[in-house]
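**Student:** got a predicted structure here, sequence first:
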Amino acid sequence: MITPVIHQYGLLSALGNIEHTWQGLLDKKSGLSPLSHPEISTWVGQIKQLKAPLGTAKRVAQLIHKGLEDLDRNNLDSETHIIVATTKGAIDDLGKKNQKLQSWQIADYIKQHLDLKGGAGTTSGACASGTIGIIQACQKISSGEARSVLVVGIDILSMFVLAGFSQLLALAETGCTPFDKNRSGLSLGEGLGYMLICHPDLTNNQVAQISGWGVSGDAGHITAPCRKGSGLIRVFSQITAGEKHQVGGIHAHGTGTIYNDAMEITAMNSFFKTPPPFYSVKGAIGHCLGGAGVMEGCLSIKSLQQNAIPATVGLTTVAPQATMATGEKAQPLGHPTILSCNSGFGGINAGVLFEEG
């Protein structure tokens, strides 16, 4: 079986580019700040370089251009396919004349921006979109449909999404605290992550490889995860292929909501005899929705390179049964692999296993 490899990767978050974000995590720095809005009291991971209003096409375009600045286009094959993982796009512009950069339009925009000739498509699987996009790229390469695929995960802050989560009473008033005993909700963020995934014969400069992946659905509730973690357990089983692949650490979804974190803790304790160390980045940059999976995949590659996972920003009192969650300091990987997983509304679960190239 063909093992897809990663040739380039990068991101832009509330903490900056990939290097600044990684260093910020090591320094236990948070990029969250109070949202300036009279009716919604919460903190968000807002990218200060983006000057356009929240939820608008102009803001999406700014994020695309700034987020892809580090991409080396000289080594980008013109036949490269594009998969965009997103949830809402310029949702606050919906209904206006001449709508631009709605979720279904972003892939074609990026294709034109990069002057590529390969196929362009969109995946929108709630908060698991980015991870599903990576999996779809691997499937395209494994099947021979494509030799290289650029996966871009992107979402901006919008009043539509903020209002929705506010109505669900899911927003933390201050920065979210993943896997904390006293967690109270999530913090939304915005960002872009990109990953150029290739056939192994196409490049000698690979930074990591993807040795396993899995997708499942709880099919139980529109917003709540399965309390037993059944869907995520199936993802773990698919990825490890009957313990064929070892997991050295887990980059968890870790939203800081009561039920998501409890589900992940249950799934990890149920599947692994001894859960590997795990952490969440959302206390530092917020929950970036469709961008989360790709951004967190990029940070997982940094973990491989550094042989460690950083502390979970915001975590102070570890929740019961979550003893392997990173708190005050980084922990070494137990094996040179890291599993990055995400879960979303509708009971969607997805994960990929990154391994040294």
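**Tutor:** Thanks, I have it.
**Student:** show me what secondary structure element comes after the helix or strand Phe165 falls within.
**Tutor:** Using DSSP states H and E, Phe165 sits in helix 159-167. Later in the chain than helix 159-167, the nearest helix or strand by DSSP H and E is strand 191-198.
**Student:** helices and strands of this protein: which one has the lowest mean pLDDT?
**Tutor:** strand 331-332 (a mean of 92; mean pLDDT, DSSP states H and E).
**Student:** direction included, what does it pair against?
**Tutor:** Partner strands for strand 331-332, per DSSP bridges, with pairing direction: strand 308-309 (antiparallel).
**Student:** name the surrounding residues that touch the strand it pairs with.
**Tutor:** By Cβ atoms under 8 Å, 6 or more residues apart in numbering, the residues outside strand 308-309 that reach it are Gly249, His251, Pro277, Phe278, Tyr279, Ser303, Thr326, Ala330, Gln331, Pro332, Leu333, Ile338. Where C-beta positions appear, they are placed from N, C-alpha and C, glycine not excepted.
**Student:** touching the least confident helix or strand of the chain from outside, list them.
**Tutor:** Residues contacting strand 331-332 (Cβ under 8 Å, 6+ apart): Gly249, Pro277, Asn307, Ala308, Ile309.
**Student:** one more time with 6 Å
**Tutor:** Pro277, Asn307, Ala308, Ile309 (Cβ atoms under 6 Å, 6 or more residues apart in numbering).
**Student:** that older thread, next one: the helix holding Phe165 to chain centre, how far?
**Tutor:** How far helix 159-167 lies from its chain's middle: 20 Å, per Cα atoms, centre = their mean, to the nearest Å.
**Student:** before we move on, what about stretch 180-187?
**Tutor:** 19 Å.
**Student:** among the contacts of strand 308-309, which ones are buried?
**Tutor:** For the contacts of strand 308-309, a burial check counting by 16 or more other Cβ atoms under 10 Å picks out Gly249, His251, Pro277, Phe278, Tyr279, Ser303, Thr326, Ala330, Gln331, Leu333, Ile338.
**Student:** among these, name the ones in helices.
**Tutor:** Residues of those located in helices (DSSP state H): Ser303.
**Student:** please produce TSV containing the buried ones among the contacts of strand 308-309, extended by distance to Gly118.
**Tutor:** Shown next, in TSV, are these (distance: Cβ to Cβ, whole Å):
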residue	distance to Gly118
Gly249	33
His251	28
Pro277	38
Phe278	35
Tyr279	35
Ser303	30
Thr326	38
Ala330	38
Gln331	39
Leu333	34
Ile338	29
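**Student:** among the buried ones among the contacts of strand 308-309, which one lies nearest to Thr122?
**Tutor:** The shortest approach to Thr122 among those belongs to His251, at 23.7 Å (Cβ to Cβ).
**Student:** was I right to think the closest one contacts Ser300?
**Tutor:** Yes - taking contacts as Cβ atoms under 6 Å, His251 lies within contact range of Ser300: 4.7 Å.
**Student:** list residues touching both of these two?
**Tutor:** With Cβ under 6 Å, 6+ apart as the test, His251 and Ser300 both reach Ser340.
**Student:** just the buried ones from the contacts of strand 331-332, in PyMOL syntax?
**Tutor:** Here is the PyMOL selection string for the buried members of the contacts of strand 331-332, based on 16+ other Cβ under 10 Å:
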select buried, resi 277+308+309
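**Student:** give me the three-state assignment for the residue nearest to Ile239 when sequence neighbours are not counted.
**Tutor:** For Ile239, ignoring the flanking residues on the chain, the nearest one in space by Cβ to Cβ, 6 or more residues apart in numbering is Gly212 at 4.1 Å. The three-state assignment at Gly212 reads strand, by DSSP: H, G, I helix; E, B strand; the rest coil.
**Student:** beta partners of Gly212?
**Tutor:** Under the criterion used here (DSSP bridges), Gly212 is bridged to Leu353.
**Student:** how about Leu171?
**Tutor:** Bridge pairing for Leu171 - DSSP bridges - gives Leu186.
**Student:** how many residues are close by it?
**Tutor:** 24 (other Cβ atoms under 10 Å).
**Student:** what about the nearest residue to Tyr109 once chain neighbours are set aside, neighbour count?
**Tutor:** For Tyr109, ignoring the flanking residues on the chain, the nearest one in space by Cβ to Cβ, 6+ apart is Leu101 at 6.1 Å. Number of residues near Leu101 (other Cβ under 10 Å) recorded here: 23.
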